[in-house]
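Engineer: pasting the structure only:
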Ligand code: ADP
């Protein structure tokens, strides 16, 4: 186990970083529309980390929400084809916005859409790794999402928390930062219990931690803390330190990578 101070300290020298952003960070909670102010600040911060010499892989949710916005749909449809169509429409909308903001800061992006097959089949995994690595070597920022327009349950990873952990492990990233709409993992669901306290570090993901992570979170997000804990297990077991950090606070990425005690850290396991 890496100790707390060492784990936070090590973040300063991390070179390859996966950053995952959830729908609840990308969209306004009350309208479901894209939060352009927040997206722009986030992109600027990522662009600056890239300028500072970091390799960034950006895993973004939000395609279905962006598709719903575009078509003026207020309630998420229930059928698979409708959600696939919204993902197809929204993915383009999202990439258009990312392309615009990243280009403003001189960055180039490359889109990668994955399904479970890309991570479980050794051959497909190798191709995926090579593609991501080459995008990084070209000095660009891969923007990754699940290929929701074609993925069905059998070939789905299902949520971008787990997807980001799989990508971080596959790419031997040092750090995975999951940006959420909350400051980190609390010892109880803070929406239900106001006495909930933020956990600075989770050294061991045991049944207590799984229990406090509870079920799905907000109406915009899909996974809640539960899938973030699953992601932490995958990440830490594969030598990746994971953090859950509030994506609504400007500067949090830079500050946490400077070793400040922000969010919840899950130090990697050292084998
Ligand atoms: P995202 O879209 O960022 O992935 P989610 O809405 O899926 O976010 O998950 C975050 C939400 O999980 C929080 O806003 C909170 O309501 C809920 N939650 C449930 N249990 C906890 C807990 N123990 N600590 C923190 N958040 C919790």
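Structural biologist: Perfect, thanks for sending it. Just so it is clear, the structure is predicted and the values come from calculations on it, not from any experiment.

Engineer: how deep is the closest residue to the ligand within the stretch 1-150 of the chain tucked in, by neighbour count?
Structural biologist: Nearest to the ligand in the stretch 1-150 of the chain, going by CB to the nearest ligand atom, is residue 22, at a distance of 2.6 Å. All C-beta atoms are positioned from the backbone trio N, CA, C, and that covers glycine. Residues lying near residue 22 (other CB atoms under 10 Å) number 29.

Engineer: so what's it up against?
Structural biologist: Going by CB atoms under 8 Å, 6 or more residues apart in numbering, residue 22 touches 61, 62, 160, 161, 178, 179, 180, 181, 221, 223, 247.

Engineer: Select only the buried ones of the residues you listed in ChimeraX?
Structural biologist: In ChimeraX, a selection of the buried entries from the contacts of residue 22 looks like this (16 or more other CB atoms under 10 Å):
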select :61,62,160,161,178,179,180,181,221,223,247
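
Engineer: from the contacts of residue 22, which has minimum pLDDT?
Structural biologist: When those are sorted by pLDDT, the bottom entry is residue 221 at 46.

Engineer: Low-confidence ranges, the stretch 151-271 of the chain, go.
Structural biologist: Residue ranges of the stretch 151-271 of the chain with pLDDT under 70: 215-223, 271.

Engineer: all strands of it, in order?
Structural biologist: 175-180, 241-246, 264-266 (DSSP state E, counting those that start in this stretch).

Engineer: Now the phi/psi pair for the residue of the chain most remote from its centre, please.
Structural biologist: The C-alpha centroid of the chain is most remote from residue 195, which lies 27.3 Å away (CA atoms, centre = their mean). Torsion angles at residue 195 (phi, psi; degrees, to the nearest 10) stand at phi -80, psi 0.

Engineer: Roughly how far does the residue lying closest to it once chain neighbours are set aside sit from residue 181?
Structural biologist: The shortest distance from residue 195 to any non-neighbouring residue, by CB to CB, 6 or more residues apart in numbering, is to residue 188 (7.3 Å). The gap separating residue 188 from residue 181 is 17 Å, by CB to CB, to the nearest Å.

Engineer: remind me, longest helix of this protein?
Structural biologist: In the chain, assigned by DSSP state H, the helix with the most residues is helix 80-104.

Engineer: what does the helix or strand that it is followed by rub up against?
Structural biologist: On the C-terminal side of helix 80-104, the nearest following helix or strand under DSSP states H and E is strand 109-114. With CB under 8 Å, 6+ apart as the test, strand 109-114 has contacts from 58, 91, 95, 98-99, 102, 128, 131-132, 135, 138, 140-147, 149, 157, 163, 167.

Engineer: Counting only helices, which of those make the cut?
Structural biologist: 91, 95, 98, 99, 102, 128, 131, 132, 135, 163, 167.

Engineer: Including neighbour count, could these go into JSON lines?
Structural biologist: Shown next, in JSON lines, are the ones in helices among the contacts of strand 109-114 (neighbours: other CB atoms under 10 Å):
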{"residue": "91", "neighbour count": "24"}
{"residue": "95", "neighbour count": "18"}
{"residue": "98", "neighbour count": "22"}
{"residue": "99", "neighbour count": "15"}
{"residue": "102", "neighbour count": "22"}
{"residue": "128", "neighbour count": "21"}
{"residue": "131", "neighbour count": "14"}
{"residue": "132", "neighbour count": "20"}
{"residue": "135", "neighbour count": "21"}
{"residue": "163", "neighbour count": "26"}
{"residue": "167", "neighbour count": "28"}
